[in-house]
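Trainee: Requesting a structural model of the entry that follows:
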Amino acid sequence: MIKVEHLNQSFGKKTVLDNVTIEIHKNEICALVGRNGAGKSTFINSLLGLLPVKQGAISINGMEVTKKNAAWKRTIAYLPEKFMLYPMLTGLENMTFFAEAVEKAADLERIERALRSVSLWDDRNVQVKSYSKGMLQRLGLAITLYQESSILILDEPTSGIDPMGRKEILEVLKSLHDKTILLSSHHLDEIRQVCTHVAYLNEGKMEKFTVEEFLATHHLGGIES
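Mentor: Here you go, the predicted model:
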């Protein structure tokens, strides 16, 4: 589903990604783990085509990530850590706005399905300025799920959320059995609960482990247990 081969990225003389090669297979939920400044954002931006590939190759569902080839974009959806919503609009109005940004007309059945999947259907007519941070994150996830992409990239989806909000987000992620997910996270407990694999980025190098292998061999400062 996601294939990265010999990817190098640097800024000036600083090498951020050093010959990174990794595959994330269908229906895997892979945590992207590394200390702050390790290059996680650079890796994600490379996957999304936001940073040009200087050396190496990236393919999504067998399609090379390039500016000339846009077909791969339809198979991937991205939820950034800070998702900008319109506070004076309701949850439903926000969903409709973002749906119509990529389609001529919003599909109301898909909107309902996405909102129900994150338990926000009953709050669809409430202005999002009244939503808790956990509800805002779930709405952002619903907007991402509306695209019905087979691959999701989620950047710190539980960042800054209280324990109950985190639990709600994790329950949604555990229900997504038909998705391939790359999940940037600092929380070992959510990696244990949700993920099948870990992509560990350290000093520009990346290694992939099963969650059990990673937890048995790595004891990391700066990663919350």
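Trainee: Report the buried residues of the helix or strand that residue 208 is a member of.
Mentor: Here residue 208 sits within strand 205-210, counting by DSSP states H and E. With burial defined by 16 or more other Cβ atoms under 10 Å, the residues of strand 205-210 counted as buried are 206, 208, 209. Every residue, glycine included, has its C-beta placed from N, CA and C.
Trainee: Quick one: distance of that strand to the chain centre.
Mentor: Strand 205-210 sits 18 Å away from the centroid of its parent chain (Cα atoms, centre = their mean, to the nearest Å).
Trainee: elements contacting that strand?
Mentor: strand 14-24, strand 197-202 (3 or more Cβ pairs under 8 Å, 6 or more residues apart in numbering; DSSP states H and E).
Trainee: CA atoms only: put the longest one into PDB for me.
Mentor: Only the C-alpha atoms of strand 14-24 are listed here, as PDB (Å, rounded to 0.1, in the frame of the first residue of the first chain):
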ATOM      1  CA  LYS A  14      21.500  18.500   7.500                       C
ATOM      2  CA  THR A  15      20.300  15.100   6.400                       C
ATOM      3  CA  VAL A  16      16.900  14.400   7.800                       C
ATOM      4  CA  LEU A  17      16.000  11.100   6.100                       C
ATOM      5  CA  ASP A  18      18.900   8.900   5.300                       C
ATOM      6  CA  ASN A  19      18.200   6.100   2.800                       C
ATOM      7  CA  VAL A  20      14.800   5.200   4.200                       C
ATOM      8  CA  THR A  21      13.200   2.100   2.900                       C
ATOM      9  CA  ILE A  22       9.900   0.700   4.300                       C
ATOM     10  CA  GLU A  23       6.700  -0.900   3.200                       C
ATOM     11  CA  ILE A  24       3.300  -0.500   5.000                       C
END
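Trainee: Now do it and strand 197-202, the angle between them.
Mentor: Angle, strand 14-24 to strand 197-202, by axes from the mean of the first three to the mean of the last three Cα atoms, to 10 degrees: 170 degrees.
Trainee: Stretch 40-57 spans what distance, first to last residue?
Mentor: 17 Å (Cα to Cα, to the nearest Å).
Trainee: coming back round to it: as JSON lines, the helices and strands packed on strand 205-210 with mean pLDDT, distance to residue 216 and mean neighbour count would be great.
Mentor: Shown next, in JSON lines, are those (pLDDT from 0 to 100; distance: least, Cβ to Cβ, whole Å; neighbours: other Cβ atoms under 10 Å):
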{"stretch": "strand 14-24", "mean pLDDT": "95", "distance to residue 216": "20", "mean neighbour count": "17"}
{"stretch": "strand 197-202", "mean pLDDT": "96", "distance to residue 216": "11", "mean neighbour count": "21"}
